[in-house]
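Asks: Let me see the structure of the following:
(chains A and B)
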Amino acid sequence: MTADLSRGAVVSAFLRSFLIQGSWNYHTMLGSGFAFSMLPGLRQLYGSEPAALDASLQRHLEHFNAHPYLAGVALGAALKLEAEGADAETVRRFKLAVRGPLGSLGDALVWAAWLPGVSVLALALYWMGLPGWWAAVLFLGIYNVGHIALRLWGFRVGLTEGRTVGRKLEQANLTGWTERLKAGLALLLGLLVGAVLAGDGGLVASGALWTAAAIAAFLAGLLVGHHAWRPAAATVVAVIGILAAYGMLG
Amino acid sequence: MEIVQLSLLGGLLALDGTSVGQFMFSRPLVAGGLVGWLLGDPASGVAVGAVLELYLLVSFPTGGSRFPEGATATVVAVAASAVTDATGALPLAVAVGLVWGQLAGASVTYMRRLNSRLAPEPGRGHPGPRGIWVPHLRAVLVDFLRGTVVTFLGVLVGRAIVSGMHGPWALSPSDSVGLLLVGGAASVGILLRDVGGFRRRKTLFAAGLALGILGVRFL
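Replies: Below you'll find the model as predicted:
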(Lines give C-alpha, C1' and ligand atoms only; values in the text may rest on other atoms or scores of the structure.)
Protein backbone atom coordinates (compact mmCIF):
# COMPACT_ATOMS: atom_id res chain seq x y z
CA MET A 1 0.00 0.00 0.00
CA THR A 2 1.29 3.44 -0.92
CA ALA A 3 2.11 5.69 2.04
CA ASP A 4 -0.59 8.24 2.96
CA LEU A 5 -3.25 6.42 0.98
CA SER A 6 -5.60 4.26 3.00
CA ARG A 7 -6.80 0.89 1.76
CA GLY A 8 -10.30 2.37 1.59
CA ALA A 9 -9.21 5.17 -0.77
CA VAL A 10 -7.31 2.73 -2.98
CA VAL A 11 -10.22 0.26 -3.16
CA SER A 12 -12.64 3.10 -3.84
CA ALA A 13 -10.44 4.40 -6.69
CA PHE A 14 -10.27 0.90 -8.17
CA LEU A 15 -14.05 0.44 -7.98
CA ARG A 16 -14.62 3.86 -9.51
CA SER A 17 -12.41 2.84 -12.42
CA PHE A 18 -15.30 0.62 -13.56
CA LEU A 19 -17.15 3.87 -14.30
CA ILE A 20 -14.21 5.64 -15.87
CA GLN A 21 -15.96 5.91 -19.26
CA GLY A 22 -19.16 7.26 -17.71
CA SER A 23 -18.72 10.77 -19.10
CA TRP A 24 -16.60 9.90 -22.17
CA ASN A 25 -16.64 12.84 -24.54
CA TYR A 26 -14.85 14.10 -27.66
CA HIS A 27 -13.17 16.95 -25.79
CA THR A 28 -11.34 15.40 -22.81
CA MET A 29 -12.26 11.76 -23.57
CA LEU A 30 -11.61 9.91 -20.30
CA GLY A 31 -10.47 13.11 -18.55
CA SER A 32 -13.42 13.68 -16.24
CA GLY A 33 -13.77 9.92 -15.59
CA PHE A 34 -10.11 9.84 -14.58
CA ALA A 35 -10.60 12.74 -12.15
CA PHE A 36 -13.73 11.02 -10.81
CA SER A 37 -11.70 7.85 -10.13
CA MET A 38 -8.83 9.80 -8.54
CA LEU A 39 -11.17 11.68 -6.22
CA PRO A 40 -11.03 9.38 -3.14
CA GLY A 41 -7.22 9.42 -3.17
CA LEU A 42 -6.93 13.16 -3.85
CA ARG A 43 -9.43 13.93 -1.12
CA GLN A 44 -7.31 12.00 1.32
CA LEU A 45 -4.04 13.55 0.20
CA TYR A 46 -5.20 17.17 -0.13
CA GLY A 47 -8.45 17.22 1.86
CA SER A 48 -7.19 19.87 4.29
CA GLU A 49 -5.80 22.12 1.51
CA PRO A 50 -8.64 23.25 -0.80
CA ALA A 51 -6.31 25.04 -3.24
CA ALA A 52 -4.06 21.98 -3.62
CA LEU A 53 -7.08 19.70 -4.03
CA ASP A 54 -8.49 21.99 -6.69
CA ALA A 55 -5.18 22.10 -8.56
CA SER A 56 -4.86 18.31 -8.48
CA LEU A 57 -8.44 17.88 -9.74
CA GLN A 58 -7.73 20.33 -12.56
CA ARG A 59 -4.69 18.38 -13.78
CA HIS A 60 -6.56 15.07 -13.74
CA LEU A 61 -9.52 16.57 -15.63
CA GLU A 62 -7.27 17.18 -18.60
CA HIS A 63 -7.51 15.16 -21.80
CA PHE A 64 -6.71 11.52 -21.24
CA ASN A 65 -7.54 8.33 -23.09
CA ALA A 66 -6.67 4.66 -22.69
CA HIS A 67 -8.33 1.31 -22.96
CA PRO A 68 -10.82 1.25 -20.06
CA TYR A 69 -9.46 -2.01 -18.64
CA LEU A 70 -5.88 -0.72 -18.69
CA ALA A 71 -6.69 2.83 -17.56
CA GLY A 72 -6.18 1.44 -14.05
CA VAL A 73 -2.43 1.24 -14.75
CA ALA A 74 -2.31 5.02 -15.18
CA LEU A 75 -4.77 5.53 -12.34
CA GLY A 76 -2.72 3.48 -9.86
CA ALA A 77 0.52 5.11 -10.97
CA ALA A 78 -0.96 8.62 -10.79
CA LEU A 79 -2.19 7.91 -7.25
CA LYS A 80 1.31 6.80 -6.29
CA LEU A 81 2.87 9.88 -7.88
CA GLU A 82 0.44 12.16 -6.07
CA ALA A 83 1.10 10.36 -2.78
CA GLU A 84 4.85 10.76 -3.30
CA GLY A 85 4.36 14.47 -3.82
CA ALA A 86 5.44 14.53 -7.46
CA ASP A 87 5.07 17.96 -9.08
CA ALA A 88 2.20 18.70 -11.45
CA GLU A 89 4.39 18.65 -14.56
CA THR A 90 5.76 15.18 -13.74
CA VAL A 91 2.21 13.81 -13.29
CA ARG A 92 1.08 15.49 -16.53
CA ARG A 93 4.05 14.17 -18.50
CA PHE A 94 3.59 10.68 -17.10
CA LYS A 95 -0.06 10.55 -18.16
CA LEU A 96 0.82 11.93 -21.57
CA ALA A 97 3.46 9.24 -22.03
CA VAL A 98 1.31 6.24 -21.06
CA ARG A 99 -2.05 7.09 -22.64
CA GLY A 100 -1.09 6.02 -26.19
CA PRO A 101 0.44 2.64 -25.26
CA LEU A 102 -2.37 1.84 -22.79
CA GLY A 103 -4.90 2.51 -25.54
CA SER A 104 -3.26 0.52 -28.29
CA LEU A 105 -2.17 -2.39 -26.07
CA GLY A 106 -5.66 -2.69 -24.59
CA ASP A 107 -7.46 -2.40 -27.91
CA ALA A 108 -5.29 -5.11 -29.45
CA LEU A 109 -5.41 -7.43 -26.44
CA VAL A 110 -9.05 -7.05 -25.38
CA TRP A 111 -11.14 -5.75 -28.30
CA ALA A 112 -9.25 -7.48 -31.09
CA ALA A 113 -8.36 -10.79 -29.39
CA TRP A 114 -9.89 -11.62 -25.99
CA LEU A 115 -13.48 -10.50 -26.56
CA PRO A 116 -13.89 -11.95 -30.08
CA GLY A 117 -12.05 -15.11 -28.96
CA VAL A 118 -14.46 -15.82 -26.10
CA SER A 119 -17.44 -14.80 -28.27
CA VAL A 120 -16.41 -17.15 -31.07
CA LEU A 121 -15.83 -20.00 -28.60
CA ALA A 122 -19.31 -19.55 -27.10
CA LEU A 123 -20.92 -19.29 -30.54
CA ALA A 124 -19.11 -22.40 -31.78
CA LEU A 125 -20.24 -24.41 -28.76
CA TYR A 126 -23.78 -23.09 -29.24
CA TRP A 127 -23.81 -24.23 -32.86
CA MET A 128 -22.44 -27.59 -31.76
CA GLY A 129 -25.50 -28.05 -29.59
CA LEU A 130 -24.65 -26.53 -26.21
CA PRO A 131 -27.86 -25.11 -24.68
CA GLY A 132 -28.08 -21.37 -25.36
CA TRP A 133 -28.11 -20.20 -21.76
CA TRP A 134 -25.03 -22.35 -21.06
CA ALA A 135 -23.24 -20.68 -23.96
CA ALA A 136 -24.17 -17.25 -22.56
CA VAL A 137 -23.06 -18.14 -19.01
CA LEU A 138 -19.84 -19.69 -20.30
CA PHE A 139 -19.12 -16.55 -22.30
CA LEU A 140 -19.73 -14.25 -19.32
CA GLY A 141 -17.70 -16.45 -16.95
CA ILE A 142 -14.62 -16.90 -19.14
CA TYR A 143 -14.64 -13.33 -20.42
CA ASN A 144 -14.89 -11.73 -17.00
CA VAL A 145 -12.19 -13.88 -15.42
CA GLY A 146 -9.79 -12.32 -17.93
CA HIS A 147 -11.41 -8.90 -17.68
CA ILE A 148 -11.30 -8.58 -13.89
CA ALA A 149 -7.83 -10.14 -13.70
CA LEU A 150 -6.51 -7.58 -16.19
CA ARG A 151 -8.07 -4.65 -14.35
CA LEU A 152 -6.75 -5.85 -10.98
CA TRP A 153 -3.29 -6.56 -12.35
CA GLY A 154 -3.09 -3.19 -14.12
CA PHE A 155 -4.18 -1.16 -11.11
CA ARG A 156 -1.88 -3.05 -8.78
CA VAL A 157 1.09 -2.69 -11.12
CA GLY A 158 0.44 1.03 -11.46
CA LEU A 159 0.13 1.50 -7.74
CA THR A 160 3.31 -0.38 -6.92
CA GLU A 161 5.51 0.74 -9.83
CA GLY A 162 4.44 4.36 -10.23
CA ARG A 163 6.40 6.17 -12.93
CA THR A 164 8.44 3.06 -13.80
CA VAL A 165 5.33 1.13 -14.78
CA GLY A 166 6.46 1.06 -18.41
CA ARG A 167 9.19 -1.45 -17.55
CA LYS A 168 6.64 -3.74 -15.91
CA LEU A 169 4.34 -3.48 -18.91
CA GLU A 170 7.24 -4.45 -21.14
CA GLN A 171 8.05 -7.44 -18.93
CA ALA A 172 4.41 -8.55 -19.01
CA ASN A 173 4.72 -8.83 -22.81
CA LEU A 174 1.11 -7.97 -23.55
CA THR A 175 1.93 -7.90 -27.25
CA GLY A 176 3.07 -11.51 -27.02
CA TRP A 177 -0.17 -12.45 -25.24
CA THR A 178 -2.14 -10.70 -27.97
CA GLU A 179 -0.31 -12.65 -30.65
CA ARG A 180 -0.99 -15.96 -28.89
CA LEU A 181 -4.65 -15.08 -28.44
CA LYS A 182 -4.94 -14.18 -32.12
CA ALA A 183 -3.47 -17.54 -33.09
CA GLY A 184 -6.03 -19.23 -30.82
CA LEU A 185 -8.76 -17.09 -32.35
CA ALA A 186 -7.86 -18.38 -35.83
CA LEU A 187 -8.39 -21.93 -34.55
CA LEU A 188 -11.68 -20.94 -32.91
CA LEU A 189 -12.87 -19.26 -36.12
CA GLY A 190 -12.29 -22.54 -37.93
CA LEU A 191 -14.21 -24.30 -35.18
CA LEU A 192 -17.12 -21.87 -35.56
CA VAL A 193 -17.20 -22.20 -39.35
CA GLY A 194 -17.16 -26.01 -39.05
CA ALA A 195 -19.98 -25.96 -36.51
CA VAL A 196 -22.10 -23.49 -38.53
CA LEU A 197 -21.56 -25.48 -41.73
CA ALA A 198 -22.31 -28.90 -40.30
CA GLY A 199 -24.56 -28.12 -37.31
CA ASP A 200 -28.28 -28.82 -37.10
CA GLY A 201 -30.01 -26.08 -39.05
CA GLY A 202 -26.64 -24.83 -40.25
CA LEU A 203 -25.53 -23.73 -43.68
CA VAL A 204 -25.24 -27.15 -45.33
CA ALA A 205 -28.80 -27.93 -44.19
CA SER A 206 -29.90 -24.61 -45.71
CA GLY A 207 -28.75 -25.67 -49.17
CA ALA A 208 -26.05 -24.97 -51.76
CA LEU A 209 -27.30 -21.47 -52.61
CA TRP A 210 -26.87 -20.11 -49.11
CA THR A 211 -23.61 -21.97 -48.59
CA ALA A 212 -22.22 -20.42 -51.78
CA ALA A 213 -23.48 -16.96 -50.80
CA ALA A 214 -21.95 -17.32 -47.31
CA ILE A 215 -18.60 -18.39 -48.80
CA ALA A 216 -18.70 -15.31 -51.07
CA ALA A 217 -19.44 -13.06 -48.05
CA PHE A 218 -16.66 -14.76 -46.05
CA LEU A 219 -14.18 -14.17 -48.90
CA ALA A 220 -15.30 -10.55 -49.21
CA GLY A 221 -14.62 -10.06 -45.50
CA LEU A 222 -11.26 -11.78 -45.84
CA LEU A 223 -10.23 -9.67 -48.83
CA VAL A 224 -11.47 -6.18 -47.96
CA GLY A 225 -11.79 -6.40 -44.19
CA HIS A 226 -14.11 -4.07 -42.30
CA HIS A 227 -15.28 -2.37 -45.52
CA ALA A 228 -17.24 -5.56 -46.26
CA TRP A 229 -19.35 -5.46 -43.10
CA ARG A 230 -21.83 -2.73 -43.92
CA PRO A 231 -22.53 -3.85 -47.52
CA ALA A 232 -23.00 -7.46 -46.37
CA ALA A 233 -25.37 -6.53 -43.54
CA ALA A 234 -27.21 -4.00 -45.73
CA THR A 235 -27.68 -6.61 -48.48
CA VAL A 236 -29.19 -9.11 -46.03
CA VAL A 237 -31.47 -6.42 -44.56
CA ALA A 238 -32.52 -5.33 -48.09
CA VAL A 239 -33.29 -8.93 -49.16
CA ILE A 240 -35.36 -9.44 -46.01
CA GLY A 241 -37.23 -6.19 -46.69
CA ILE A 242 -37.92 -7.16 -50.31
CA LEU A 243 -39.13 -10.63 -49.27
CA ALA A 244 -41.41 -9.11 -46.63
CA ALA A 245 -42.82 -6.58 -49.10
CA TYR A 246 -43.31 -9.34 -51.67
CA GLY A 247 -45.17 -11.40 -49.05
CA MET A 248 -47.42 -8.46 -48.18
CA LEU A 249 -48.21 -7.67 -51.82
CA GLY A 250 -48.62 -11.32 -52.74
CA MET B 1 -45.78 -3.04 -18.50
CA GLU B 2 -43.66 -5.44 -20.54
CA ILE B 3 -42.39 -2.66 -22.78
CA VAL B 4 -41.33 -0.68 -19.69
CA GLN B 5 -39.37 -3.68 -18.39
CA LEU B 6 -37.77 -4.19 -21.81
CA SER B 7 -36.87 -0.51 -22.06
CA LEU B 8 -35.31 -0.43 -18.59
CA LEU B 9 -33.35 -3.58 -19.42
CA GLY B 10 -32.22 -1.87 -22.63
CA GLY B 11 -31.07 1.13 -20.57
CA LEU B 12 -29.09 -1.06 -18.17
CA LEU B 13 -27.50 -3.05 -21.00
CA ALA B 14 -26.62 0.18 -22.81
CA LEU B 15 -24.76 1.29 -19.66
CA ASP B 16 -22.78 -1.95 -19.67
CA GLY B 17 -21.85 -1.28 -23.31
CA THR B 18 -19.46 1.58 -22.51
CA SER B 19 -20.25 3.66 -19.43
CA VAL B 20 -20.32 1.18 -16.56
CA GLY B 21 -18.16 -1.88 -16.16
CA GLN B 22 -18.19 -3.39 -19.63
CA PHE B 23 -18.82 -6.85 -18.23
CA MET B 24 -20.33 -7.70 -21.63
CA PHE B 25 -23.86 -8.42 -20.48
CA SER B 26 -24.50 -6.14 -23.43
CA ARG B 27 -23.15 -8.62 -26.01
CA PRO B 28 -26.03 -9.98 -28.13
CA LEU B 29 -25.58 -13.59 -26.99
CA VAL B 30 -26.05 -12.65 -23.33
CA ALA B 31 -28.53 -9.80 -23.88
CA GLY B 32 -30.64 -12.12 -26.05
CA GLY B 33 -30.84 -14.66 -23.23
CA LEU B 34 -31.79 -11.96 -20.71
CA VAL B 35 -34.54 -10.51 -22.92
CA GLY B 36 -35.78 -14.01 -23.75
CA TRP B 37 -35.87 -14.79 -20.03
CA LEU B 38 -37.88 -11.62 -19.41
CA LEU B 39 -40.33 -12.65 -22.12
CA GLY B 40 -40.53 -16.24 -20.88
CA ASP B 41 -38.50 -17.90 -23.65
CA PRO B 42 -34.73 -17.67 -23.04
CA ALA B 43 -33.88 -20.21 -25.76
CA SER B 44 -35.51 -18.12 -28.50
CA GLY B 45 -33.80 -15.03 -27.09
CA VAL B 46 -30.39 -16.68 -27.29
CA ALA B 47 -31.17 -17.89 -30.83
CA VAL B 48 -31.76 -14.30 -31.99
CA GLY B 49 -28.79 -13.10 -29.92
CA ALA B 50 -26.51 -15.73 -31.48
CA VAL B 51 -27.32 -14.50 -34.99
CA LEU B 52 -26.67 -10.88 -33.99
CA GLU B 53 -23.50 -11.88 -32.14
CA LEU B 54 -22.24 -13.38 -35.39
CA TYR B 55 -22.87 -10.07 -37.18
CA LEU B 56 -21.40 -7.95 -34.38
CA LEU B 57 -18.28 -10.08 -33.85
CA VAL B 58 -16.31 -7.25 -35.40
CA SER B 59 -18.05 -4.41 -33.57
CA PHE B 60 -16.29 -3.17 -30.46
CA PRO B 61 -16.45 0.10 -28.54
CA THR B 62 -12.94 1.12 -29.56
CA GLY B 63 -11.99 4.64 -28.50
CA GLY B 64 -14.15 7.29 -30.08
CA SER B 65 -15.25 5.17 -33.03
CA ARG B 66 -18.89 4.90 -34.03
CA PHE B 67 -20.21 1.38 -33.62
CA PRO B 68 -23.61 -0.33 -33.80
CA GLU B 69 -25.03 -0.72 -30.30
CA GLY B 70 -25.44 -4.47 -29.93
CA ALA B 71 -27.43 -4.39 -26.68
CA THR B 72 -30.20 -2.16 -28.01
CA ALA B 73 -30.23 -4.06 -31.32
CA THR B 74 -30.71 -7.32 -29.44
CA VAL B 75 -33.47 -6.14 -27.08
CA VAL B 76 -35.39 -4.76 -30.06
CA ALA B 77 -34.83 -7.88 -32.20
CA VAL B 78 -35.79 -10.38 -29.50
CA ALA B 79 -38.87 -8.36 -28.50
CA ALA B 80 -39.92 -8.05 -32.15
CA SER B 81 -39.37 -11.74 -32.92
CA ALA B 82 -41.57 -12.71 -29.97
CA VAL B 83 -44.58 -11.03 -31.57
CA THR B 84 -45.43 -14.07 -33.70
CA ASP B 85 -44.30 -17.63 -34.44
CA ALA B 86 -44.45 -17.02 -38.20
CA THR B 87 -41.37 -18.05 -40.21
CA GLY B 88 -40.65 -14.50 -41.33
CA ALA B 89 -40.51 -13.14 -37.80
CA LEU B 90 -36.89 -14.15 -37.11
CA PRO B 91 -35.30 -12.60 -40.23
CA LEU B 92 -37.48 -9.50 -39.99
CA ALA B 93 -36.64 -9.05 -36.31
CA VAL B 94 -32.90 -9.48 -36.98
CA ALA B 95 -33.09 -6.95 -39.82
CA VAL B 96 -34.90 -4.46 -37.58
CA GLY B 97 -32.33 -5.10 -34.85
CA LEU B 98 -29.41 -4.46 -37.22
CA VAL B 99 -30.90 -1.17 -38.41
CA TRP B 100 -31.82 -0.10 -34.88
CA GLY B 101 -28.33 -0.93 -33.68
CA GLN B 102 -26.99 1.64 -36.18
CA LEU B 103 -29.45 4.29 -35.00
CA ALA B 104 -28.61 3.54 -31.37
CA GLY B 105 -24.90 3.85 -32.25
CA ALA B 106 -25.62 7.31 -33.69
CA SER B 107 -27.36 8.25 -30.43
CA VAL B 108 -24.17 7.30 -28.55
CA THR B 109 -22.26 9.77 -30.75
CA TYR B 110 -24.76 12.55 -29.96
CA MET B 111 -24.58 11.75 -26.25
CA ARG B 112 -20.79 12.00 -26.33
CA ARG B 113 -21.08 15.41 -27.98
CA LEU B 114 -23.48 16.43 -25.24
CA ASN B 115 -21.00 15.14 -22.64
CA SER B 116 -18.37 17.44 -24.17
CA ARG B 117 -20.55 20.38 -23.17
CA LEU B 118 -21.57 19.03 -19.76
CA ALA B 119 -18.22 17.69 -18.54
CA PRO B 120 -16.17 20.08 -16.38
CA GLU B 121 -13.74 22.10 -18.44
CA PRO B 122 -10.10 21.70 -17.36
CA GLY B 123 -8.45 24.97 -16.45
CA ARG B 124 -11.75 26.79 -15.90
CA GLY B 125 -13.15 27.71 -12.50
CA HIS B 126 -12.83 25.68 -9.34
CA PRO B 127 -14.84 22.52 -9.80
CA GLY B 128 -14.17 21.01 -6.36
CA PRO B 129 -15.08 17.36 -5.68
CA ARG B 130 -18.79 18.01 -6.26
CA GLY B 131 -18.02 19.60 -9.62
CA ILE B 132 -16.37 16.33 -10.64
CA TRP B 133 -18.67 13.59 -9.44
CA VAL B 134 -22.01 15.27 -10.10
CA PRO B 135 -21.44 15.82 -13.86
CA HIS B 136 -19.87 12.37 -14.14
CA LEU B 137 -22.79 10.53 -12.57
CA ARG B 138 -25.22 12.78 -14.46
CA ALA B 139 -23.60 11.61 -17.71
CA VAL B 140 -24.07 7.98 -16.59
CA LEU B 141 -27.75 8.75 -15.92
CA VAL B 142 -28.08 10.39 -19.34
CA ASP B 143 -26.65 7.25 -20.95
CA PHE B 144 -29.15 5.09 -19.07
CA LEU B 145 -32.03 7.33 -20.16
CA ARG B 146 -30.74 7.35 -23.73
CA GLY B 147 -30.59 3.55 -23.79
CA THR B 148 -34.05 3.30 -22.25
CA VAL B 149 -35.67 5.70 -24.71
CA VAL B 150 -33.90 4.25 -27.75
CA THR B 151 -34.95 0.75 -26.69
CA PHE B 152 -38.53 1.86 -26.03
CA LEU B 153 -38.85 3.38 -29.49
CA GLY B 154 -37.10 0.41 -31.09
CA VAL B 155 -39.41 -2.12 -29.47
CA LEU B 156 -42.46 -0.12 -30.59
CA VAL B 157 -41.21 0.17 -34.16
CA GLY B 158 -39.83 -3.37 -34.31
CA ARG B 159 -43.02 -4.98 -33.05
CA ALA B 160 -45.12 -2.87 -35.44
CA ILE B 161 -42.95 -3.90 -38.40
CA VAL B 162 -42.91 -7.60 -37.55
CA SER B 163 -46.60 -7.80 -36.79
CA GLY B 164 -47.43 -5.82 -39.94
CA MET B 165 -45.10 -7.58 -42.39
CA HIS B 166 -44.78 -11.16 -41.29
CA GLY B 167 -47.54 -12.39 -43.65
CA PRO B 168 -46.70 -14.94 -46.33
CA TRP B 169 -42.94 -15.51 -46.26
CA ALA B 170 -41.26 -16.87 -49.36
CA LEU B 171 -38.49 -18.76 -47.58
CA SER B 172 -38.55 -21.94 -45.51
CA PRO B 173 -37.17 -21.77 -41.94
CA SER B 174 -33.86 -23.32 -43.05
CA ASP B 175 -33.58 -20.90 -46.00
CA SER B 176 -34.29 -18.01 -43.63
CA VAL B 177 -31.43 -19.12 -41.35
CA GLY B 178 -29.22 -19.56 -44.43
CA LEU B 179 -29.95 -15.97 -45.51
CA LEU B 180 -29.12 -14.63 -42.05
CA LEU B 181 -25.86 -16.59 -41.90
CA VAL B 182 -24.65 -14.99 -45.16
CA GLY B 183 -24.20 -11.63 -43.44
CA GLY B 184 -22.56 -13.27 -40.43
CA ALA B 185 -20.07 -15.02 -42.72
CA ALA B 186 -18.65 -11.63 -43.71
CA SER B 187 -17.85 -10.92 -40.04
CA VAL B 188 -16.01 -14.24 -39.75
CA GLY B 189 -13.94 -13.39 -42.84
CA ILE B 190 -13.15 -9.93 -41.45
CA LEU B 191 -12.06 -11.41 -38.14
CA LEU B 192 -9.82 -13.98 -39.83
CA ARG B 193 -8.20 -11.13 -41.75
CA ASP B 194 -7.76 -9.19 -38.49
CA VAL B 195 -5.93 -12.07 -36.79
CA GLY B 196 -3.40 -12.41 -39.59
CA GLY B 197 -5.27 -13.53 -42.72
CA PHE B 198 -5.92 -16.91 -44.26
CA ARG B 199 -2.44 -17.48 -45.65
CA ARG B 200 -0.79 -16.97 -42.27
CA ARG B 201 -3.38 -18.81 -40.21
CA LYS B 202 -4.48 -21.53 -42.64
CA THR B 203 -3.19 -24.46 -40.58
CA LEU B 204 -4.90 -23.33 -37.38
CA PHE B 205 -8.07 -22.39 -39.26
CA ALA B 206 -8.18 -25.76 -41.04
CA ALA B 207 -7.57 -27.62 -37.78
CA GLY B 208 -10.43 -25.68 -36.17
CA LEU B 209 -12.67 -26.38 -39.16
CA ALA B 210 -12.04 -30.12 -38.88
CA LEU B 211 -12.65 -30.01 -35.12
CA GLY B 212 -15.86 -28.06 -35.64
CA ILE B 213 -17.25 -30.56 -38.15
CA LEU B 214 -16.20 -33.49 -35.96
CA GLY B 215 -17.59 -31.75 -32.88
CA VAL B 216 -21.01 -31.44 -34.49
CA ARG B 217 -20.96 -35.11 -35.49
CA PHE B 218 -19.83 -36.53 -32.15
CA LEU B 219 -21.06 -34.14 -29.44
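Asks: Next, work out how far apart residue A:246 and residue B:85 are.
Replies: Separation of residue A:246 from residue B:85 (C-beta to C-beta, to the nearest Å) stands at 20 Å. Just so you know, the C-beta spots here come from the backbone N, C-alpha and C atoms, and that holds for glycine as well.
Asks: Over to residue B:26?
Replies: 27 Å.
Asks: So residue B:60, which state does it fall into?
Replies: In three-state terms, and counting by DSSP: H, G, I helix; E, B strand; the rest coil, residue B:60 is coil.
Asks: got a pLDDT number for it?
Replies: Note on residue B:60: pLDDT of 79.
Asks: swap in residue B:166?
Replies: For residue B:166, pLDDT reads 66.
Asks: thinking again about what came up before, which one of residue B:26 and residue B:85 is surrounded by more residues?
Replies: residue B:26 (26 against 10; other C-beta atoms under 10 Å in any protein chain shown).
Asks: Contact partners for the more buried one?
Replies: B:13-14, B:16-17, B:70-71 (C-beta atoms under 8 Å, 6 or more residues apart in numbering or on different chains).
Asks: Which residue lies nearest the spatial centre of chain B?
Replies: residue B:70 (1.5 Å; C-alpha atoms, centre = their mean).
Asks: you'd agree that residue is up against residue B:31?
Replies: Yes - between residue B:70 and residue B:31 there is a contact at 7.1 Å, judged by C-beta atoms under 8 Å.
Asks: What residues does residue A:199 make contact with?
Replies: A:127-129, B:216.
Asks: ok, so of those, who is nearest residue A:23?
Replies: residue A:127 (39.2 Å; C-beta to C-beta).
Asks: What sits closest to the closest one if chain neighbours are left out?
Replies: Leaving aside its chain neighbours, residue A:127 sits nearest to residue A:195 (3.8 Å; criterion: C-beta to C-beta, 6 or more residues apart in numbering or on different chains).
Asks: residue ranges with poor pLDDT in chain B?
Replies: B:62-64, B:166 (pLDDT under 70).
Asks: hmm, I was thinking of chain A
Replies: For chain A (pLDDT under 70), the answer is A:1-3, A:250.
Asks: which parts of the helix ranked longest in it are buried?
Replies: Counting by DSSP state H, the longest helix found in chain A is helix A:132-161. The neighbour-count check on helix A:132-161 (16 or more other C-beta atoms under 10 Å in any protein chain shown) flags A:132-133, A:135-136, A:138-140, A:143-144, A:146-147, A:150-151, A:153-159, A:161 as buried.
Asks: how far is it from where the chain is centred?
Replies: Its chain's average C-alpha position is 10 Å from that of helix A:132-161, according to C-alpha atoms, centre = their mean, to the nearest Å.
Asks: what's in contact with the next helix or strand along the chain from it?
Replies: Once helix A:132-161 ends, the next helix or strand along the chain (criterion: DSSP states H and E) is helix A:165-172. Helix A:165-172 has contacts (C-beta under 8 Å, 6+ apart) with A:73, A:76-77, A:97-98, A:101, A:105, A:153, A:157-158, A:161.
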